[in-house]
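have a look at this prediction, sequence included:
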Amino acid sequence: MDFSDLESAIALPLAEDTSLDTVAVGVLATLASFATPLAGVVLVGYVVRLVRAGGRNATALPAFDEFGGMVVDGVRLSVVLLALQLPAVGIGVAVAKLAGASFATLVYAAEMHSLNVIGNSALIGVGLVAAGGAALVGTYLSAAATVAVSRERSLVAAVPTTRELASDASFVPVVSAVALVVFAGRLLTALFGALPLVGSVLAALVSFFALVASATLLGRGASKLAARDSTPRPDSTVDAVGSA
């Protein structure tokens with residue numbers, strides 16, 4: 001994956017073969033997702049299509065059609081992504097409760113040198129580190145699961161594909177590039193969203209472009225890894241010839 005992949009992914013909504021209607025529907029769906037989860041599920045289903053299209057090196061955005069199938073894909077992937085983030089959420093909730101208890105101890109304790117305060121502070125620090133680590137692992141596995149769900153038609157079949165991708169060290173740079181695009185997109189979305197009058201529309205436009213770029217990059221990166229793994233290595237070719 002190189003800069004040309006990023007450039008073409010960002011420019012995909014503006015490609016000659018891309019329908020303007022597709023971009024308009026995408027921006028409207030993104031705008032609606034700010035208010036209703038149902039539109040968010042549709043967008044998650046569209047991510048599945050973008051990853052598939054990225055794997056085929058498509059030169060245009062996939063159309064917003066067959067909404068039934070898109071919603072089904074969105075629900076499947078949303079369930080997987082939610083499950084992968086549950087450990088981080090659970091740890092975060094536990095840390096928040098512990099932090100609240102520590103704060104109450106500091107406010108109401110008669111003796112400020114209580115060892116409970118020190119112990120709780122140490123646990124909070126460990127919990128924050130654990131929550132951050134769980135969030136990173138969950139995000140990495142979510143990228144692998146997104147590719148797997150886009151390739152496989154069932155969640156059961158997607159499990160070994162997710163495991164195979166996640167265990168490949170070459171997948172780390174792909175996820176890193178996608179994460180940078182997502183971060184930049186969210187930052188720009190927040191900045192444009194703060195503008196008066198047209199802020200929401202501009203935020204939806206930027207958010208949709210970032211969605212397209214990140215999902216397309218993920219699909220293309222995973223596709224290149226699959227092509228690399230399927231290409232016979234020279235050593236194996238020589239061995240095969242020699243054995244013949």
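Sure, I can see it. Numbers count the residues shown, from 1 in each chain.

list the contacts of A99.
The contact partners of A99, taken as Cβ atoms under 8 Å, 6 or more residues apart in numbering, are I124. All C-beta atoms are positioned from the backbone trio N, CA, C, and that covers glycine.

can you do 10 Å?
N120, S121, L123, I124, G127, L128 (Cβ atoms under 10 Å, 6 or more residues apart in numbering).

same question for A145.
Per Cβ under 10 Å, 6+ apart, neighbours of A145: 77, 80-81, 83-84, 138, 155, 158-159, 161-163, 165-166.

just to revisit the earlier point, from the contacts of A99, which one has the minimum pLDDT?
Scanning the contacts of A99 for pLDDT, the low point is N120. It has 61.

my guess is A60 contacts L20. True?
No: A60 is beyond contact range of L20, at 11.4 Å (criterion: Cβ atoms under 10 Å).

compare the two (neighbour count), which wins?
Neighbours of A60 and L20, each counted by other Cβ atoms under 10 Å, are more numerous for A60; the result is 14 against 9.

picking up where we left off before, take the contacts of A145 and write them to CSV, including pLDDT, neighbour count and distance to S176.
Compiled in CSV, the contacts of A145 are given as follows (pLDDT from 0 to 100; neighbours: other Cβ atoms under 10 Å; distance: Cβ to Cβ, whole Å):
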residue, pLDDT, neighbour count, distance to S176
L77, 95, 24, 21
V80, 94, 20, 21
L81, 94, 19, 18
A83, 94, 14, 23
L84, 94, 21, 18
G138, 93, 19, 16
L155, 89, 16, 26
A158, 92, 22, 22
V159, 92, 14, 24
T161, 92, 19, 20
T162, 93, 23, 18
R163, 94, 14, 20
L165, 93, 24, 14
A166, 93, 18, 14
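
gap between V137 and A143?
To A143, V137 is 11 Å away according to Cβ to Cβ, to the nearest Å.

common neighbours of these two, please.
L84, A166.

which one of the two has more residues nearby?
For V137 versus A143, neighbours defined as other Cβ under 10 Å are more numerous around A143 (27 against 15).

what about that one, distance to D5?
16 Å.

kindly report the same for V71.
29 Å.

which of the two has more neighbours?
Remark: of V71 and D5, D5 carries more neighbours, 19 against 15, as counted by other Cβ under 10 Å.

ok, now which ones touch the more buried one?
D5 makes contact with G54, N57, V174, A177, A213, T216, L217, R220, G221, K224, according to Cβ under 10 Å, 6+ apart.

which of the residues you listed fall in strands?
In strands, defined here by DSSP state E, there are no members of the contacts of D5.

can you redo the residues you listed as CSV with neighbour count and pLDDT?
As requested, those are exported to CSV (neighbours: other Cβ atoms under 10 Å; pLDDT from 0 to 100):
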residue, neighbour count, pLDDT
G54, 27, 81
N57, 13, 75
V174, 24, 92
A177, 21, 92
A213, 27, 93
T216, 28, 92
L217, 26, 92
R220, 23, 90
G221, 25, 89
K224, 16, 86
